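Asker: Task: produce atomic coordinates for the following.
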Amino acid sequence: MRILLTNDDGIDAEGLECLETIARTLSDDVWVVAPATEQSGKGRGITLTEPLRVNRLGEKRFSVTGTPTDCVVLAFSDIMDGPPGLVLSGVNRGHNVGEDCSYSGTVAGALQGMALGVRSIALSQSLERFHDEVTAHWDTAAHFAPGIIQKLLEQDWAPGVVMNLNFPARPIEDVKEVEVTVQGFRNIGEMHAVKRTDLRGRDYYWMSFRGAKQDHAPGTDLRAMDDGRISVTPLHIDLTHRESVHSLKGVIGGVPLKAGLG
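Answerer: Below you'll find the model as predicted:
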């Protein structure tokens, strides 16, 4: 099986090295096409207003001056000599749970693989706290991911689904369970902008998260991270709220347009 790897932390990220270790337990045909620099929080961004440059760094290893989505598109369309049978994106430094999934370049890489017709998995390793001095438990992801991926590949997946794997911030011996979860949601007040002033007296901002402790609902990806369980969440790109579709059809759908409505 040919496997394509990408990420959003960049070609030199420790998590990508971890992902290569995982992938090579599954196949000896592993390709890496990853961003040249960190693309965290870029979501499904695709570069349309400037050229992309590809650098060959070794056999089946390339960097791209773009987003994870760019990387997957270029891998399929030009870089690889044939399509992969699996796309793995990650391993991200920090979990991608709750509303992170809509910001995440890691999840976006998997979504693009899915959009191109290939089963795709996003992988992320949670941290005790998000700080440069904190070392992720990469061995936890490397230890458990191969078996979980093998199990997932043995199952039938619904069309349009990607699998989102998150590993808790615990050593191997403290992880006892895998849970199939739903996407949770945090209090959005966690995100804020920190205002600072540069040496010329001009204001600038850093986006940040307060990270206050919350009681997350059972069965969610967020709760699984709190409780030290591996989270497996089937995600899909369809953002339609179907209950609203049905209720709005009786109000707007099929109603003749009048002044003030269209």
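Asker: do you know how far the residue nearest the centre of the chain is from residue 70?
Answerer: Residue closest to the mean C-alpha point of the chain, counted by Cα atoms, centre = their mean, is residue 107 at 2.2 Å. Remark: distance between residue 107 and residue 70 (Cβ to Cβ, to the nearest Å) = 15 Å. Any C-beta I mention is one placed from the backbone N, CA and C, and that applies to glycine too.
Asker: next one: residue 101
Answerer: In terms of Cβ to Cβ, residue 101 sits 19 Å off from residue 70.
Asker: ok, now residue 220?
Answerer: Counting by Cβ to Cβ, the gap from residue 220 to residue 70 is 31 Å.
Asker: just residue 218 next, same as before
Answerer: 38 Å.
Asker: Looking at these two, which one has more neighbours?
Answerer: When neighbours are counted by other Cβ atoms under 10 Å, residue 218 and residue 70 differ, and residue 70 comes out ahead with 24 against 11.
Asker: Report the mean confidence score over the helix or strand where the more buried one lies.
Answerer: In this assignment (DSSP states H and E), residue 70 forms part of helix 68-74. Helix 68-74 shows a mean pLDDT of 98.
Asker: got the contact list for it?
Answerer: 4, 6-8, 33-35, 39, 42, 44-47, 52, 54, 64, 66, 87, 89, 105-106, 108-109, 111-113, 116 (Cβ atoms under 8 Å, 6 or more residues apart in numbering).
Asker: swap in stretch 124-144?
Answerer: By Cβ under 8 Å, 6+ apart, stretch 124-144 touches 14-15, 17-18, 21-22, 90-97, 104, 106, 123, 164-172, 175, 178, 209, 211, 225, 230.
Asker: Equivalent analysis for stretch 27-41, please.
Answerer: Contact with stretch 27-41 is made by 1-11, 13, 16, 20, 23-24, 45, 55, 60-68, 70-72, 74-75, 79-80, 84, 86, 103-105, 207, as judged by Cβ under 8 Å, 6+ apart.
Asker: quick one: the strands in the stretch 1-150 of the chain?
Answerer: 2-6, 29-35, 54-58, 61-64, 86-93, 120-125 (DSSP state E, counting those that start in this stretch).
Asker: ok, back up a step: CA atoms only: put the helix holding residue 70 into CSV for me.
Answerer: This file holds the C-alpha atoms of helix 68-74, laid out as CSV (Å, rounded to 0.1, in the frame of the first residue of the first chain):
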residue,chain,number,x,y,z
PRO,A,68,-1.3,21.1,3.8
THR,A,69,-4.1,21.3,1.2
ASP,A,70,-1.6,22.6,-1.4
CYS,A,71,0.7,19.7,-0.5
VAL,A,72,-1.9,17.0,-1.0
VAL,A,73,-3.1,18.5,-4.3
LEU,A,74,0.4,18.7,-5.6
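Asker: Run the chain-centre distance for that helix.
Answerer: The chain centre lies 13 Å from the centre of helix 68-74; the measure is Cα atoms, centre = their mean, to the nearest Å.
Asker: where does the protein dip in pLDDT?
Answerer: Applying pLDDT under 70 to the chain flags the ranges 129-132, 187-190, 209-212, 255, 257-262.
Asker: Which single helix of it contains the most residues?
Answerer: The longest helix of the chain (DSSP state H) is helix 138-153.
Asker: So for the helix or strand that that one is followed by, what gets flagged as buried?
Answerer: Following helix 138-153 in sequence order, the next helix or strand is strand 161-167 (DSSP H and E). By 16 or more other Cβ atoms under 10 Å, the buried positions in strand 161-167 come out as 162-167.
Asker: Nice, that's everything, thank you.
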